[in-house]
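Participant: Below are the sequence and a predicted model; questions follow.
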Amino acid sequence: MATNEQLPDVVMPHCPHRNLLRGQKALVTGATSGIGKNIAIYLAQEGADVAINYIGSEDAANEMVAAIKASGGHAIAVQADVSREDQVQAMFQQTIETFGTIDILVNNAGLQQDAPFDQMTLAQWQKVIDVNLTGQFLCAREAIREFKRRGVVPAVSNAAGKIISISSVHEVIPWAGHVNYAASKGGVMLMNKSIAQEVAPYRIRVNSVCPGAIRTPINRLAWKTAEAYDKLMELIPYKRIGEPEDIARVVAWLASDDADYITGVSLFVDGGMTLYPGFAEGG
C-alpha cells in the first residue's frame, strides 16, 4: 500500500454547476469549517441563498458570506447553539425574515468528546447528545413547521422542503471509545427515518448522508502522517480518504429535484468502509 505522501493528491472531477437549487433558500448548521463549510459553498454555487450557522468565530462566517457574495451568490451569517431551543428558534426567525422562507435544511453541526466508556463523564455524554441528536431534532422541527406552513411551490421545487442530516458510518458501525458519538448517530438514523415516514404525505423529504473518513481537521490524526494514512486505508476498500467535496456534491443532489423520489434514506459516502473490509479475504 502506498503511503499518504506517495499517493498523488486527489483531483476532484470537474462538475459544472447546473443551478440545481436556483431560487431555493438553505440553512446549513455548523457551516464554518470542514464538511459544513464545503456544503454551504457548494449549495451557493448551485444557486441557493445560504444561511451560514456558526457558534464560534464570527469572522470565519463573515468571510464565507463575503466569498459567496463575491461569486454572485447571496448568504447571511446566523449565530446559534443548535442545542438551545431559544437560539434555534431565533436562527430560523432571522433566516426566514431575510430570505422569506427556507427550502433546505442541512443538519450538519456536530462534535466529539471521546473517552473510554468507564471514564466517560455525564457531561461528555450529554454534550454530544445535546448537539448531535437534540440539535438535529430542534432544527428539523423548526424546518418542518415552515415547510408545512408554506407547502409546495412548484416553481421552486417539487417538494415542500428537504432535510439532509449529516450522520456517520457510525450510525451502524460500533465505535469503542466513542460511545456517545455512535449513540448520537444511531439516534439520528432512526429519528430521520421516523420523521420521513411522518411528513412524506406533506411532500417533505428527509434523508441522511453518512460520511466515512473525510479529510477534515476533526480527524487529522487519522491521516496527517504516512503511517496513520496507511492504517486508515485498511478500513477503506476504495483506498483513498474522502474529501469534503465528496459530501457536498451528494448533499446538493439530495436537495435537488433530481432526487425527488428519495426519502428516509441513509446514504453512505465512505469508499466502502461499511462493506466490512476485514472480511474481504473470507474473514
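Facilitator: Perfect, thanks for sending it.
Participant: Show me the strands in the stretch 101-250 of the chain, by range?
Facilitator: 104-107, 161-166, 204-211 (DSSP state E, counting those that start in this stretch).
Participant: Give me whichever of these is most buried.
Facilitator: strand 104-107 (a mean of 29; mean count of other C-beta atoms under 10 Å). Heads up, the C-betas are built off the backbone N, CA and C, glycines and all.
Participant: And that strand, what does it pack against?
Facilitator: Counting contacts by 3 or more C-beta pairs under 8 Å, 6 or more residues apart in numbering; DSSP states H and E, strand 104-107 is packed against strand 25-28, helix 34-45, helix 135-150, strand 161-166, helix 244-255.
Participant: Direction included, what does it pair against?
Facilitator: Under the criterion DSSP bridges, strand 104-107 sits next to strand 25-28 (parallel), strand 161-166 (parallel) in its sheet.
Participant: can you redo the ones you listed as CSV with distance to residue 221 and mean pLDDT?
Facilitator: Listed next are the strands paired with strand 104-107 as CSV, based on distance: least, C-beta to C-beta, whole Å; pLDDT from 0 to 100:
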stretch, distance to residue 221, mean pLDDT
strand 25-28, 26, 98
strand 161-166, 20, 98
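Participant: Out of those, which gets nearest to residue 180?
Facilitator: strand 161-166 (16.8 Å; C-beta to C-beta).
Participant: who does the lowest-mean-pLDDT helix or strand in the chain touch, helix- and strand-wise?
Facilitator: None of the helices or strands of the chain scores lower by mean pLDDT, DSSP states H and E than helix 226-233, at a mean of 93. Of the remaining helices and strands, none touches helix 226-233 by 3+ C-beta pairs under 8 Å, 6+ apart.
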